[in-house]
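Undergrad: Next come a sequence and a model predicted from it.
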Amino acid sequence: MQEVINHIKSNKDNYVEELKDYLRIPSISTTSSHKKDMAKCAKFVSGKLKDAGMSKIKIIPTAGHPLVYGEWMKAKGKPTVLIYGHYDVQPVDPIELWESDPFEPVIKNGKIWARGANDNKGQNFVHIKSVEAYMKTIGKLPVNVKFLIEGEEEIGSSNLETFLKKNKKLLKCDAVLISDTSLYAEGVPTINYGLRGLAYMEVEITGPNKDLHSGSFGGSVANPINELARLISKLQDKNNKVTIPNFYKDVLPFTKKENENIKSLKFSDTKYAKELGVKELQGEKGFNTLQRLWGRPTLDCNGIWGGFTEEGAKTVLPSKATANISMRLVPNQDPKKIAKEFTKYVKSLVPKSVKIKVTDMHGGSPIVIPLDDPAILAASKATSKAFGKKTVYTREGGSIPIVVEFVNQLKAPAILMGLGLDSDNIHSPNEHFSLRSFELGVLSSAYFFEEFANLKK
Ligand code: BES
Ligand code: ZN
């Protein structure tokens with residue numbers, strides 16, 4: 001084991017150089033013009049799995065972007081870990097706010113800056129390198145390993161879901177290891193035991209059959225933007241509670257243990273508000289910040305458009321206005337049920353003077369992972385060894401919809417070994433990832449294989 005650790009420590013600069021090549025590929029899954037880059041990135045990942053000593057490497061086509069698979073199954077009688085990650089990244093807009101090219105990584109202040117540095121290339125590369133370190137030193141792994149790296153996490157993983165249902169045997173494992181979440185704070189080893197789910201809706205309001213002069217017509221017909229704004233404002237009350245009927249009906253409350261854990265983490269609202277440049281935090285009344293982020297559902301407008309949005313002033317009463325509205329969900333809310341309640345409710349809110357169209361864009365189920373699973377304990381020991389500190393347990397506000405599917409279909413626990421920081425600007429300009437976290441991640445992964453091997457199959 002010591003050779004593996006030494007190998008990682010002395011190769012960390014090489015790993016960073018390789019990660020740079022990974023980050024140079026603009027693998028934006030949502031934009032069709034990047035289809036070729038997606039294929040290129042899948043090929044890159046498969047090459048790295050080969051270098052790491054994996055076999056049966058496959059680039060698997062789907063109705064969307066390809067999946068990459070590779071395995072090493074020679075640890076007879078030992079458990080199998082499925083390592084999941086995603087090579088797709090978010091779009092880079094607004095590009096003018098980036099301090100350097102999003103696809104030309106730079107190292108600055110001990111961090112690597114590029115789109116995907118944290119989410120998720122930096123975090124999945126950690127596991128490829130830890131496997132490689134074993135193979136290049138002792139020539140074998142203490143456990144069986146399967147890799148599945150997909151190209152559609154940022155657009156909802158629906159093709160992976162189909163693949164998973166048809167390939168349970170190929171993906172059979174004793175635990176799924178995922179690094180696509182966050183540390184509680186820099187240098188604090190963290191296992192995440194929950195993810196929120198999501199219901200993402202588009203609401204389109206149509207008024208008159210064409211754009212009108214706002215002087216000639218303003219005051220005679222409904223303005224779709226005004227109506228949309230009125231509608232959105234009705235979706236939350238003055239206590240920031242969501243007003244959709246039955247919205248909170250299935251929400252599981254926090255356990256006593258969870259509340260004690262939250263207390264022990266000593267979260268500072270003041271520091272958090274300062275970092276975000278706000279005078280005061282805001283959210284659902286009756287809950288503290290970590291409770292609101294981890295275990296309470298929310299409703300947020302993610303985008304709103306219509307009318308004149310160019311430079312200058314144009315007097316216009318628009319024909320249409322549209323908003324994207326997301327609801328983050330928690331156990332045991334069901335995204336389909338919530339989407340239905342939302343649709344019914346918003347339709348009931350608009351006046352007869354406008355038409356409304358509601359589209360359920362995509363969704364994902366929330367999850368809470370039991371902390372007493374031996375695989376979780378093995379992961380917790382591993383991160384603690386790597387970081388030299390006691391591991392803390394947190395839930396996440398974000399979503400990874402495929403995790404619930406892994407757990408349900410493969411009947412295996414999910415281990416969320418988060419390595420990013422909430423301040424890493426994922427989905428935003430100037431995304432970055434700490435090089436220290438990157439190295440500690442490779443070490444955590446290496447220790448995990450050793451700890452996991454000790455578990456009975
Ligand atoms: N890595 C994130 C999930 C995440 C975000 C975990 C923040 C922890 C903290 C993932 O790549 C992601 O962005 N997921 C989407 C899912 C959606 C597109 C269905 C999300 O949460 O918006
Ligand atoms: Zn993401």
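TA: Sure, I can see it. Ligands and ions are numbered 1, 2, ... in the order given.
Undergrad: Just want to check the distance between the nearest residue to Lys43 once chain neighbours are set aside and Lys279.
TA: Using CB to CB, 6 or more residues apart in numbering and skipping residues adjacent in sequence, the residue nearest Lys43 is Ile59, 6.7 Å away. Where C-beta positions appear, they are placed from N, C-alpha and C, glycine not excepted. Distance of Ile59 to Lys279, computed by CB to CB, to the nearest Å: 50 Å.
Undergrad: Contacts made by the helix or strand where the residue nearest to Lys43 lies with the rest, please.
TA: Assessed by DSSP states H and E, Ile59 sits inside strand 55-60. With CB atoms under 8 Å, 6 or more residues apart in numbering as the test, strand 55-60 has contacts from 42-43, 46, 49-50, 66-72, 163.
Undergrad: Buried residues of it, list them for me.
TA: By neighbour count with 16 or more other CB atoms under 10 Å, strand 55-60 contains the buried residues 57, 60.
Undergrad: repeat for stretch 323-335
TA: Here stretch 323-335 shows 323-331, 333-335 as buried, counting by 16+ other CB under 10 Å.
Undergrad: what two of those have the greatest distance between them?
TA: Maximum pairwise distance in these, criterion CB to CB, is 27.0 Å, between Ala323 and Pro331.
Undergrad: can you tell me the residue of this protein closest to ligand 1?
TA: Closest residue of the chain to ligand 1, CB to the nearest ligand atom: Gly398 (2.4 Å).
Undergrad: ok, then the element right after the strand holding Ile59?
TA: strand 67-72.
Undergrad: give me the low-pLDDT residue ranges for the protein?
TA: 457 (pLDDT under 70).
Undergrad: where's the residue lying closest to Ser399 once chain neighbours are set aside, which helix or strand?
TA: Leaving aside its sequence neighbours, Ser399 sits nearest to Leu198 (CB to CB, 6+ apart; 4.6 Å). Element membership for Leu198 (DSSP H and E) is strand 197-206.
Undergrad: Equivalent analysis for Val442, please.
TA: Assigned by DSSP H and E, Val442 falls in helix 435-453.
Undergrad: Tyr15 too?
TA: Counting by DSSP H and E, Tyr15 is found in helix 2-23.
Undergrad: Could you name the helices and strands sitting against that helix?
TA: Packing partners of helix 2-23 (3 or more CB pairs under 8 Å, 6 or more residues apart in numbering; DSSP states H and E): helix 35-51, strand 111-113, helix 121-137, helix 435-453.
Undergrad: just checking, what packs against the shortest one?
TA: Helices and strands touching strand 111-113, as assessed by 3+ CB pairs under 8 Å, 6+ apart, comprise helix 2-23, strand 106-108, strand 432-434, helix 435-453.
Undergrad: I'd like those as a markdown table, with distance to Asp93 and mean neighbour count appended.
TA: Formatted as a markdown table, those follow (distance: least, CB to CB, whole Å; neighbours: other CB atoms under 10 Å):
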| stretch | distance to Asp93 | mean neighbour count |
| --- | --- | --- |
| helix 2-23 | 18 | 16 |
| strand 106-108 | 20 | 12 |
| strand 432-434 | 18 | 26 |
| helix 435-453 | 26 | 23 |
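Undergrad: Let's have the ones you listed in TSV, adding distance to ligand 1.
TA: As requested, the helices and strands packed on strand 111-113 are arranged in TSV below (distance: least, CB to the nearest ligand atom, whole Å):
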stretch	distance to ligand 1
helix 2-23	15
strand 106-108	22
strand 432-434	12
helix 435-453	14
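Undergrad: if we can go back for a sec, now do the helix holding Val442 against helix 2-23, angle only.
TA: Put simply, helix 435-453 runs at 130 degrees to helix 2-23, going by axes from the mean of the first three to the mean of the last three CA atoms, to 10 degrees.
Undergrad: and helix 435-453, how far from the chain's centre?
TA: 20 Å (CA atoms, centre = their mean, to the nearest Å).
Undergrad: Send me that helix as PDB with only the CA atoms.
TA: The C-alpha trace of helix 435-453 is given here as PDB (Å, rounded to 0.1, in the frame of the first residue of the first chain):
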ATOM      1  CA  LEU A 435      -5.200  20.800  -6.500                       C
ATOM      2  CA  ARG A 436      -4.800  19.800  -2.900                       C
ATOM      3  CA  SER A 437      -8.300  18.400  -2.900                       C
ATOM      4  CA  PHE A 438      -7.400  16.600  -6.200                       C
ATOM      5  CA  GLU A 439      -4.400  14.900  -4.600                       C
ATOM      6  CA  LEU A 440      -6.300  14.100  -1.400                       C
ATOM      7  CA  GLY A 441      -9.000  12.700  -3.600                       C
ATOM      8  CA  VAL A 442      -6.600  10.300  -5.400                       C
ATOM      9  CA  LEU A 443      -5.300   9.200  -2.000                       C
ATOM     10  CA  SER A 444      -8.900   8.800  -0.500                       C
ATOM     11  CA  SER A 445      -9.800   6.600  -3.500                       C
ATOM     12  CA  ALA A 446      -6.700   4.500  -3.100                       C
ATOM     13  CA  TYR A 447      -7.400   4.000   0.700                       C
ATOM     14  CA  PHE A 448     -11.000   3.200  -0.100                       C
ATOM     15  CA  PHE A 449     -10.100   0.200  -2.200                       C
ATOM     16  CA  GLU A 450      -8.000  -1.200   0.700                       C
ATOM     17  CA  GLU A 451     -10.800  -0.600   3.200                       C
ATOM     18  CA  PHE A 452     -13.500  -2.000   0.900                       C
ATOM     19  CA  ALA A 453     -11.400  -5.200   0.300                       C
END
